[in-house]
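J.: Just a sequence and a predicted model for now, questions to come.
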Number of protein chains: 2
Amino acid sequence: MFHARGYDAVSVADLTAALGIKPPSFYAAFGSKAGLYSRVLERYSESGAIPFAALLRADRPVAVCLAEVLEEAARRYGASADAPGCLVVEGTRSNDPDAQAAACVHHDAAEALIHDYIAARFPEGADRITDFMDTVMAGLSAMARRGHGTERLMASAKMAGRALMREFSEDHA
Amino acid sequence: MFHARGYDAVSVADLTAALGIKPPSFYAAFGSKAGLYSRVLERYSESGAIPFAALLRADRPVAVCLAEVLEEAARRYGASADAPGCLVVEGTRSNDPDAQAAACVHHDAAEALIHDYIAARFPEGADRITDFMDTVMAGLSAMARRGHGTERLMASAKMAGRALMREFSEDHA
DNA sequence: CCTTTTTTGTATCAGTCACTACATTATCCC
DNA sequence: GGGATAATGTAGTGACTGATACAAAAAAGG
């Protein structure tokens, strides 16, 4: 439900109704609405999110791996129309401070993964390229939330991917 | 205030306090919270938003003009830290149906402007390129909201702009 | 100056938010 | 089966949401 409608748009009443439990049981189990969200984020990071560690390989060109991350984002963000976009990216935009902080933890971790991966071989462009990756992924998540399916997202992801290739081939030269 | 904190995060109480008026005067003047937001959007589209009509020129290369739109977005979205991102783009993400609809009107108009501009000279790629423009602009607005300044946004905008050049030069060949 | 109309402030509307005190029911251990 | 413990349902907390009824004050018109 958090993924489908966003943290702010889901009320505790919605959650308890969906779970078939009453508020006291909900708070006994999860502590708070943000507490449940934290656990959902954890689960999402383990299974539903982009597998950065597997995609960012040291034995392949940096630009290729980064482009594959973007394409995987397009695939996952547009996969299910009833849960569009990235749970983490969207969470960082919540109006609730606790939820936002929880989502930022995961986002910052993923961002650091990307940054370090680039920095290992192109330290001078790591900041710039990481920003670009962030921008495109935030954009893809937003477009998914607008209803765009995987095909349309993929076209934009591939375009951004080609921009990455270009960027790295220039750094090489 | 809508631009600074987002439609959902601003309450009528905030608005009446800031305006120095009481709720009845507020509703007499604007009809509703969404009514005021509509007028704010109107004003924003006339003065604060990206001047698409001026930027999308028929006497210059399509890719150059589109790249300039993205750079102008970077400039405006990151200009003031207390009102980051695009009021329209962010408005389309509101949880309030009325506010979202009002923002979508302006967003769709801008999108149509871009689409028609591209379609006039590159009909086969208009959909794809428009999606890419939307994606990057949504991403830039999101990054601005995360606190990135104009310089960082501009770097990503320029990268995306170079991707556009490449795309059009290939279509040419 | 007095009446009429408009604007404003006081106080509050019903509804929803996340969250909890309390009592009852179910479960477990012996 | 009986007593301690844990989980649950009932009901409601205060705070806030957007939006108003009503009356007092201000402005306009003669």
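T.: It's in. Numbering: from 1, shown residues only, chains lettered A, B, ... in the order given.

J.: Need the residues that contact stretch A:18-32.
T.: Outside stretch A:18-32, the residues within contact range by Cβ atoms under 8 Å, 6 or more residues apart in numbering or on different chains are A:1, A:12-13, A:15-16, A:36, A:39, A:98. All C-beta atoms are positioned from the backbone trio N, CA, C, and that covers glycine.

J.: Tell me how far that stretch lies from the chain's centre.
T.: 27 Å (Cα atoms, centre = their mean, to the nearest Å).

J.: SS state for residue A:163?
T.: Assigned with DSSP: H, G, I helix; E, B strand; the rest coil, residue A:163 falls in the helix class.

J.: OK, contacts around it?
T.: Contacts of residue A:163 by Cβ under 8 Å, 6+ apart are A:132, B:159-160, B:162-163, B:166.

J.: Go through those residues and give me the one with the most neighbours.
T.: residue B:160 (30 neighbours; other Cβ atoms under 10 Å in any protein chain shown).

J.: Could I get the full set of strands for chain A?
T.: Under the criterion DSSP state E, chain A carries no strands.

J.: Which single residue of it approaches chain B most closely?
T.: residue A:139 (3.0 Å; Cβ to the nearest Cβ).

J.: Tell me if I'm right that residue A:61 and residue A:168 touch.
T.: Yes. Counting by Cβ atoms under 8 Å, residue A:61 touches residue A:168, with 7.2 Å between them.

J.: which one of these two has more residues nearby?
T.: Neighbour count, other Cβ under 10 Å: between residue A:61 and residue A:168, residue A:168 has more, with 21 against 15.

J.: Next, work out how far apart that one and residue B:139 are.
T.: Residue A:168 sits at a distance of 20 Å from residue B:139 (criterion: Cβ to Cβ, to the nearest Å).

J.: tell me the average confidence for stretch A:22-32?
T.: Here stretch A:22-32 scores 93 as its mean pLDDT.

J.: Would that stretch count as contacting DNA strand C?
T.: Yes. Using Cβ under 7 Å from any atom of the strand, we find that stretch A:22-32 touches DNA strand C at A:22-24, A:26-27, A:32.

J.: follow-up on the earlier one: how close does the residue of chain A closest to chain B get to DNA strand D?
T.: Distance of residue A:139 to DNA strand D, given as Cβ to the nearest atom of the strand, to the nearest Å: 28 Å.

J.: Leaving out chain neighbours, which residue sits closest to that residue?
T.: Nearest residue to residue A:139, sequence neighbours excluded (Cβ to Cβ, 6 or more residues apart in numbering or on different chains): residue B:139, at 3.0 Å.

J.: ok, now residue A:89?
T.: Excluding the flanking residues, the one nearest residue A:89 by Cβ to Cβ, 6+ apart is residue A:141, at 4.3 Å.

J.: Could you measure from that neighbour over to residue A:49?
T.: Separation of residue A:141 from residue A:49 (Cβ to Cβ): 12 Å.

J.: more crowded one of the two?
T.: residue A:141 (28 against 19).

J.: Now do the contacts for that one.
T.: Residue A:141 touches A:73, A:77, A:84-86, A:89-90, counting by Cβ under 8 Å, 6+ apart.

J.: Of those, which pair is most distant in space?
T.: Largest separation among the contacts of residue A:141 by Cβ to Cβ: A:73 and A:90, giving 12.9 Å.

J.: Looking at the closest residue to residue A:132 other than its chain neighbours now. What's its pLDDT?
T.: Distances taken as Cβ to Cβ, 6+ apart place residue B:156 nearest to residue A:132, at 4.7 Å, with adjacent residues excluded. Residue B:156 carries a pLDDT value of 98.

J.: same thing with residue A:170?
T.: Looking at residue A:170, its pLDDT is 72.

J.: Also residue A:63?
T.: Looking at residue A:63, its pLDDT is 97.

J.: Find the residue closest to residue A:45 in space, skipping its chain neighbours.
T.: The shortest distance from residue A:45 to any non-neighbouring residue, by Cβ to Cβ, 6+ apart, is to residue A:106 (5.4 Å).

J.: That neighbour: neighbour count?
T.: When neighbours are counted by other Cβ under 10 Å, residue A:106 comes out with 21.

J.: from memory it sits against residue A:40, does it?
T.: No. Residue A:106 is not in contact with residue A:40 according to Cβ under 8 Å; the separation is 10.8 Å.

J.: which ones are touching residue A:149?
T.: With Cβ under 8 Å, 6+ apart, residue A:149 has these contacts: A:78, A:81.

J.: What's the separation between it and DNA strand C?
T.: With distances taken as Cβ to the nearest atom of the strand, residue A:149 is found 29 Å from DNA strand C.

J.: which neighbours do residue A:141 and residue A:49 share?
T.: residue A:86.

J.: gap between the residue nearest to residue A:45 and DNA strand D?
T.: Distance, residue A:106 to DNA strand D, using Cβ to the nearest atom of the strand: 28 Å.

J.: got the CA positions of the helix-or-strand element of chain A with minimal mean pLDDT in CSV?
T.: When the helices and strands of chain A are compared on mean pLDDT, DSSP states H and E, helix A:150-172 comes out lowest with a mean of 90. Output in CSV follows, covering the C-alpha atoms of helix A:150-172 (Å, rounded to 0.1, in the frame of the first residue of the first chain):
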residue,chain,number,x,y,z
THR,A,150,8.2,-0.2,-18.7
GLU,A,151,8.5,0.4,-22.5
ARG,A,152,8.3,4.2,-22.3
LEU,A,153,10.6,4.3,-19.3
MET,A,154,13.1,2.0,-21.0
ALA,A,155,13.3,4.3,-24.0
SER,A,156,14.3,7.2,-21.7
ALA,A,157,16.6,5.0,-19.7
LYS,A,158,18.4,3.8,-22.8
MET,A,159,18.9,7.4,-24.0
ALA,A,160,20.4,8.3,-20.6
GLY,A,161,22.5,5.2,-20.9
ARG,A,162,23.9,6.3,-24.2
ALA,A,163,24.7,9.7,-22.6
LEU,A,164,26.8,7.8,-20.0
MET,A,165,28.7,5.9,-22.7
ARG,A,166,29.6,9.1,-24.3
GLU,A,167,30.7,10.7,-21.1
PHE,A,168,33.1,7.9,-20.2
SER,A,169,34.5,7.5,-23.7
GLU,A,170,35.4,11.2,-23.6
ASP,A,171,37.1,10.8,-20.2
HIS,A,172,39.1,8.0,-21.7
